[in-house]
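*Asks:* Here is my input; please provide its structure:
(2 chains)
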Amino acid sequence: MIRNYLKIAWRNMTNNKLYSTIKIGGFAFSVAICILILLYIKHETSYDRMYPDMDRVFRLVIQAPDGDKSVQYLSFPAPAAKTLQAEIPSIESVGRVLPNTLFGAGSNLFTVNGNAENHLDAGFVYVDQSILEMFPLPIIAGQLNHALDKPNSLVITKSKAQKFFKGNAVGQTIYLNNNKNVLYNITAVIDDVPSNSSLYGYDYFISLAGQPFYQGEQNNWGATNYITYVKLKENTDLGTAQHAISKNYVEDHYIPINKKNGMKISPETMQSKVLLQNALDMHLYSKNILEYAMATQYQGDIKMVWVFAGIAFFILLIACINFVNLSTANAATRAKEIGIRKTIGSSRSTLITQFMTEAVCYSLISLIIGLLLAWTLLPLFNSLANKTLVIPWATWYFIPSLILTMLTIGGIAGIYPALYLSGFQPINALKSKSGSNPKTALLRNGLVVFQFATSIILMVSALIANQQISYMLNKDIGFNKDQVIVLRGINSITSEVQNLRNELKAIPAVSNVSIGDYLPVPLDGVKRNGNPFWAKGKEDLELPEAGQFWNIDENYVSTFGLRLIAGRNFNPQIASDSSGTIVNKKMITTLGIKGNPIGAQITNGRTWTIIGVVDDFIFESLKGEGYVPVCMTLASSPSLLSIKTKSTDMAKTLADINTVWDKFAPHQKINYSFLDEGFASLYQDVERTKNIFSCFAIVAIFVAALGLFGLATYVTQQRTKEIGVRKVLGASSLRLLKLLSGDFIKLVFVALVIASPVAWWAMNQWLRDFNYKIDINWMYFILAGMGAVLIALGTISYQTWKAIRTNPVDSLRDE
Amino acid sequence: MIQLKHLFKWYNVGGTRSFVLKDVSLDIAEGDFISIMGPSGSGKSTLLNIIGMLDEPDEGEYIFMDENVLEMKAKKRSQLYQSHIGYVFQAYHLLDELTVYENIETPLIYKDISSKERKAIVADMLDRFGIVGKKDLFPAQLSGGQQQIVGIARALAGSPKLLLADEPTGNLNSKQGEEIMELFKQLNDDGVTIIQVTHSEKNAEYGKRIVNMLDGQLK
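*Replies:* Sure, this is the predicted structure:
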């Protein structure tokens, strides 16, 4: 019996090539998208699960009230960890991570064994030995135990060891940024950090056991720079531990010690408490944490996981709907077969089984093609989603669970057509008077409306996301990011650096050159900080305002095109400029400086006299908090060099720059990037969202169009006779075209009406994350609606045209 | 074998009843060969479909081999149908996607006959109707007469006691029609009860009895 079913299924498939292609194609596409999305979700939810005892490992989070909301931070003082370990018995171990570029984490220039050659690489981080034990990785060489106990010890990953070191890396030394006084000793090589680890992106783990970064730093309760982890002892009650830790840190140490040192404590700080964030939650549940971007290179968001899951579900649903639609639409051609089968003795259940077998065959073939498609599309998807996913062919449950899923989906998609088709009365079926009952028509139309509504929602989302991105990229940001080339790793040039600058400046296409690490765009190696500021004289009266404290040179303002709105630029010839500052407008308003700001003084511990004010500029993502107060002073920060060019021939200019570079640093490869690219990369995640939505929108509209094609086929088949009669009565082709298309276009309009408020609501939610955002314009809905109508028209025109062109003599003959 | 008692069938058109069958009573004995004649719309196909259990009357009684068909459960009726009735159509109604062999085999599959037995029966049928050489062809590759022969072979594969034929020669030329009629006569001689609907006086003559219909009534 089953062989018979399979045979018939196969023959039906091959006989109706167009139908089968549409059915299988639509299904396979959806399957492929779903597989990719599932891989993505699986990866996102697998973070840090490879480590043991993760149920006991927690990251400390400070939560403080902020108006009627609350803010969360990750930054703790250096001594907090060891104090907690000493005083809270339920803590098994503590560990600290310092990823702050200000202290030399991030990207560094390094030299192996004092060789002439310098390398620039990212991925440096300071950690405690215990971090390597909480998040252990297979050891390749050396010993993991006590690897970071000694000062200036360094653990690196396998791929870096192979890339930069000859032979066994353990025992070899490096120094950083031309500082030959501090040698780092490699004590162990570990396996590469897996992409689903929170430590992914770090390759050089430097011991925190070394010299403090400044005198007394390791015992300073005032400076909060460390991300702190604790591992609780087994069977510890989480609530009790959290309470104990919070009380110990906030009430017993942080507040009293800082008070004693004369720091003003804000009421928010008084009410702050420590939360324990489980290590397994770090990847997906940290969007609300302020320094999250700094603490984690690859950020996840549980919201995105849900959005993806929802999209996968909807695409699969659309595919199932299509399957139902196309199967029932094909009913007229199957009707005769059903009639015959019934008259030669088939029972209804036999027919149902037959149609179900067919449906399952379709879904299994779609699965195979979908898998191949997913495999082909994976690189594209990886670049879209910024992932390195692989299809887990070898996992034992992968193929069986897929097959099981597809059997279920095939069954679900097949059951309605099976019931519908098998219910035909044989007599009517043989006379091909099958099915046009109003109930199924309503269902079918409803399904088409649903599909198009989903597609329109995705289309509108993609359009709005696109608009938002171009808005952000083109908004006036208060400085000029274009045609600036940034060279990295110039600390190796030391005393020659001014000569390098002069020679670069001498290149005709170069208009200015600035040396400094505090660029207005967060490229790799760019520094940021956070300082408390007061207007001079208010230190003891008011709480400080947070601001940035940047070291710049006298060429900074013109190189980056900052707009000076009062006062003047720095002049190194004027001795008093060493205690002068250029601030942005935001600093003036935030500190409440009234009258002429030039000559006013501000303080962050040291006192600065304002000599210039620049217009506000945006140096973080436009998503973020907007303008931030900045205090710029004349001081050196020598690892980045920015070159403003006026050339259109960038290749020639780069070649000239390279020539100069090779003269000054013959053993170091030039490493440069463009400021505007760095700016664009700020919006990578938004860009990614847009691309993903665009792709999904295309798939959804494609699959929906397939469904519409099926429906058009069905309806025109049903109306062949009507069309014939109308033609005989003298209707023109255009009239008929209008008549036939009109019904479908109505459906698309209904879809538009349903989709618009949903899309509007969803995109409003999305835009809420942005500080600077576009208004949602009704044009997007018109555009998406028009797109859907055009696609629908294109889809149905073939069938409609065919029906109209049919000679009425043929269509009326079967009476 | 068959007793039809006071069968009525009607459609409601605009509030008035339009009768397709009007008080039809008919007895058919085993081994009979009946030709139902009448003009288009006289109700002969409806009568045949009711006898073939593909349709139901609105009123009346239908006794098939001493059992009341209309009071039977659908499953039982389908069993009765499977084991006793074969159907031949004017338009042949072969399954286009199946070969000659498979077309003949399909009703046997529905009757849950074992594969070995099926092979024997189909081989026998192919042999009997002289279409062994065509067994792997699809219907579209056969002439009309050949298709009808396959249709008859399919109808007879389940060795029914009753063969129903709705204008079996309607789509055939006269020579092919004659061949089919000869075949029917021979089947009847072998003991198969046959009821055929036909327009042709000549074909009707092959039957043992002719029943005339007009406007839903027997004449």
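*Asks:* ok, A:P597 touching A:I588?
*Replies:* Yes. Judged on C-beta atoms under 8 Å, A:P597 makes contact with A:I588 at a distance of 5.0 Å. For the C-beta atoms, the positions are set from N, CA and C on the backbone; glycine is no exception.
*Asks:* which neighbours do those two share?
*Replies:* A:V613 (C-beta atoms under 8 Å, 6 or more residues apart in numbering or on different chains).
*Asks:* Skipping adjacent residues, who's closest to the most centrally placed residue in chain A in space?
*Replies:* Nearest residue to the geometric centre of chain A (C-alpha atoms, centre = their mean): A:D685, 4.0 Å. Nearest residue to A:D685, sequence neighbours excluded (C-beta to C-beta, 6 or more residues apart in numbering or on different chains): A:Q299, at 7.7 Å.
*Asks:* What strand or helix carries the one you found?
*Replies:* Assigned by DSSP states H and E, A:Q299 falls within no helix or strand.
*Asks:* Could you do A:A413 as well?
*Replies:* Going by DSSP H and E, A:A413 is in helix A:398-422.
*Asks:* Now do the buried residues in the helix-or-strand element of chain B with minimal mean pLDDT.
*Replies:* Least confident helix or strand of chain B, by mean pLDDT, DSSP states H and E, is helix B:74-84 with a mean of 83. Within helix B:74-84, the residues scored as buried using 16 or more other C-beta atoms under 10 Å in any protein chain shown are B:R77, B:S78, B:L80, B:Y81, B:Q82, B:H84.
*Asks:* Just give the nearest non-adjacent residue to the fourth one, would you?
*Replies:* Pointing back at B:Y81 there. B:M53 (5.0 Å).
*Asks:* Provide the backbone phi and psi angles at the one you found.
*Replies:* phi 60, psi 20 (degrees, to the nearest 10).
*Asks:* Hmm, it is touching B:Q82, no?
*Replies:* No. Counting by C-beta under 8 Å, B:M53 sits too far from B:Q82 to count as a contact (10.3 Å).
*Asks:* Could you list everything the residue positioned nearest the centre of chain B pairs with in the sheet?
*Replies:* Per C-alpha atoms, centre = their mean, the C-alpha nearest to the average position across chain B is that of B:L164, at 1.9 Å. According to DSSP bridges, the residues that bridge with B:L164 are B:Y87, B:I195.
*Asks:* and it, what does it touch?
*Replies:* By C-beta under 8 Å, 6+ apart, the neighbours of B:L164 are B:L48, B:I51, B:G52, B:I85, B:G86, B:Y87, B:V88, B:I194, B:I195, B:Q196.
*Asks:* Count the residues that sit near residue 73.
*Replies:* Going with chain A. Counted with other C-beta atoms under 10 Å in any protein chain shown, residues neighbouring A:Y73 total 18.
*Asks:* should've been chain B
*Replies:* 8.
*Asks:* again, but for A:I574
*Replies:* Count around A:I574 with other C-beta under 10 Å applied: 12.
*Asks:* Same question for A:N168.
*Replies:* A:N168: 13 neighbours (other C-beta under 10 Å).
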